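>>> structure for this input, please:
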Amino acid sequence: MKYSRIIVSVFLLIFLVSGCGQKKRPDGMPPLVTCSVLVQQENTPLANANVSLIPEDGSKWNAAGTTDVSGVAKLYTLSQYEGVPEGKYNVVVSKTETIPGIAVPSGSSAKGTPDQHFKLVEPQFSNPTTTPLTLNIIKGTSGYEINAGKAVRIQEKQR
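Numbering: from 1, shown residues only. Predicted coordinates:
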């Protein structure tokens, strides 16, 4: 009997403490739909791409995520709350690659080379005003798919 009281007390304590570390949601935040998006490029999953959902209605509840090796991004509102409010969104996808240059010690007569930066998604998909991608987030649907166009490798101007 004594052990059962201890066990019940421990479980009660764990239950009470487990809710204390949760983040307080901002005032006015609508309910969130837990969802993810599969990003493909030429029918191939696009890993390590940034995905942003911009609300068509102009609200502040934007969402974003980064794709994993299988091209799937778990989406978070305001970068910290799991899920996305229901609604229509313009979808922005971007991915860059950096090739490190060669640094030389100061005072050396050798010439170094700067880092090279490449965009791996067509520019139209990386801009919220030109992206053709849209999603309609609906309660009860958890997985979405989008196609981020052709595979490209566009060198950016040196920074």
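>>> my guess is A47 meets V72, correct?
No. In this structure, A47 is not within contact of V72 by C-beta atoms under 8 Å, at 9.3 Å. Placement of C-beta: from N, CA and C, glycine included.
>>> so those two - more neighbours on which side?
Applying other C-beta atoms under 10 Å to A47 and V72 shows that V72 carries more neighbours, namely 20 against 14.
>>> so who does that one touch?
If you count contacts by C-beta atoms under 8 Å, 6 or more residues apart in numbering, V72 has them with S36, V37, L38, V39, P45.
>>> in the sheet, who's paired with it?
L38 (DSSP bridges).
>>> now it: how far from Y81?
V72 sits 19 Å away from Y81, going by C-beta to C-beta, to the nearest Å.
>>> related to what we said a few turns ago, give me the buried entries from the contacts of V72.
Using 16 or more other C-beta atoms under 10 Å as the burial test, these include S36, V37, L38, V39 as buried.
>>> how about those in TSV, adding distance to S59?
Formatted as TSV, those follow (distance: C-beta to C-beta, whole Å):
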residue	distance to S59
S36	21
V37	19
L38	25
V39	23
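>>> in JSON lines: those, plus pLDDT.
As requested, these are arranged in JSON lines below (pLDDT from 0 to 100):
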{"residue": "S36", "pLDDT": "97"}
{"residue": "V37", "pLDDT": "98"}
{"residue": "L38", "pLDDT": "98"}
{"residue": "V39", "pLDDT": "98"}
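>>> can I get the CA coordinates of stretch 110-126 in CSV?
C-alpha atoms of stretch 110-126 as CSV (Å, rounded to 0.1, in the frame of the first residue of the first chain):
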residue,chain,number,x,y,z
ALA,A,110,49.7,34.7,-52.9
LYS,A,111,46.2,35.4,-54.3
GLY,A,112,43.2,33.9,-52.5
THR,A,113,39.8,33.2,-54.0
PRO,A,114,36.5,34.3,-52.5
ASP,A,115,33.7,32.0,-51.5
GLN,A,116,31.3,31.1,-54.4
HIS,A,117,27.5,31.1,-53.7
PHE,A,118,25.0,29.3,-55.9
LYS,A,119,21.2,29.3,-55.9
LEU,A,120,19.8,25.8,-56.4
VAL,A,121,16.1,26.8,-57.0
GLU,A,122,14.8,28.9,-59.8
PRO,A,123,14.5,32.6,-58.7
GLN,A,124,10.7,32.7,-59.2
PHE,A,125,10.2,30.2,-56.4
SER,A,126,12.4,32.2,-54.0
